[in-house]
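Trainee: any chance you could fold what I've pasted below:
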Amino acid sequence: MNWFPARPFLALVALLGLAVPALGEETVPPERIAQLVESLGAGDWSEREAATAELKRIGAQAVPALEKAARDHEDLEVRHRAHQILGGFVYTNREFLMSFALLGDEALPRLAEIVGKADAVESALAAEVLGELGSPGALKLLERLATHESPVVQARTASALGLFSCERSLSLLR
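Mentor: Numbering: from 1, shown residues only. Next up is the predicted model:
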């Protein structure tokens, strides 16, 4: 059973010129993300602004740390900036959403929220990311998308399911 189907798809995406982070792309170390989150509350305004800009650039990899900071951090400035950064992420932005593939199964809770919405654009993009993840958890979310009312979402889901090499995904395609 192949649970890591992303390489051929990302090669095709690169050939088509679509902007998606490559699998070999370096991930940002969690320690660096934690340092940047703490810098959101720095005494120096320019340091806070630089940390904000870098966390926005990092994107999906920073989401778990930003969510935790927005919810639990003792510094009001850190909580406020974390909320602002999270609010600025656009889940209909293909490049941003595809960067969730770098998080692996850590992205599943956020993707489950997107799948739970009726929005066809977000759901179609989420199906692509789930296909890239290629894990059992991703397959469960794709099962939910397989019955989406939108033909576009159904087509993207079928394409994502085709990346899985297991009996369950094949039965959903029938």
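
Trainee: where does the prediction get shaky in this protein?
Mentor: 1-26, 90-93, 118, 166, 168-174 (pLDDT under 70).

Trainee: against Asp72, how distant is the residue most central in space within it?
Mentor: Closest to where the C-alpha atoms of the chain average out (Cα atoms, centre = their mean) is Phe100, at 2.2 Å. When distance is defined by Cβ to Cβ, to the nearest Å, Phe100 is 22 Å away from Asp72. (Glycine included, C-beta is placed from N, CA and C.)

Trainee: where along this structure do the helices fall?
Mentor: 6-16, 30-39, 45-58, 63-72, 76-88, 94-98, 108-116, 120-133, 136-145, 151-161, 167-173 (DSSP state H).

Trainee: would a markdown table of those with mean neighbour count be doable?
Mentor: Below are the helices of the chain laid out as a markdown table (neighbours: other Cβ atoms under 10 Å):
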| stretch | mean neighbour count |
| --- | --- |
| helix 6-16 | 13 |
| helix 30-39 | 16 |
| helix 45-58 | 15 |
| helix 63-72 | 18 |
| helix 76-88 | 16 |
| helix 94-98 | 19 |
| helix 108-116 | 18 |
| helix 120-133 | 24 |
| helix 136-145 | 19 |
| helix 151-161 | 19 |
| helix 167-173 | 14 |
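
Trainee: contacting residues around the closest residue to Leu111 other than its chain neighbours?
Mentor: Nearest-residue entry for Leu111: Ala126, 5.2 Å, with adjacent residues in sequence omitted and distances by Cβ to Cβ, 6 or more residues apart in numbering. Applying Cβ atoms under 8 Å, 6 or more residues apart in numbering, one finds that Ala126 lies in contact with 97, 111, 114-115, 141, 145.

Trainee: what's the answer for Val78, then?
Mentor: With Cβ under 8 Å, 6+ apart, Val78 has these contacts: 37-38, 40-41, 69.

Trainee: thinking again about what came up before, not counting residues beside it along the chain, what's closest to the residue nearest to the centre of the chain?
Mentor: That would be Ala107: by Cβ to Cβ, 6+ apart, it lies 4.1 Å from Phe100.

Trainee: could you measure from Gly116 over to Leu145?
Mentor: 10 Å.

Trainee: Lys117 now?
Mentor: For Lys117, the distance to Leu145 - Cβ to Cβ - is 11 Å.

Trainee: can you list residues touching both of those two?
Mentor: With Cβ under 8 Å, 6+ apart as the test, Lys117 and Leu145 both reach Ser123.
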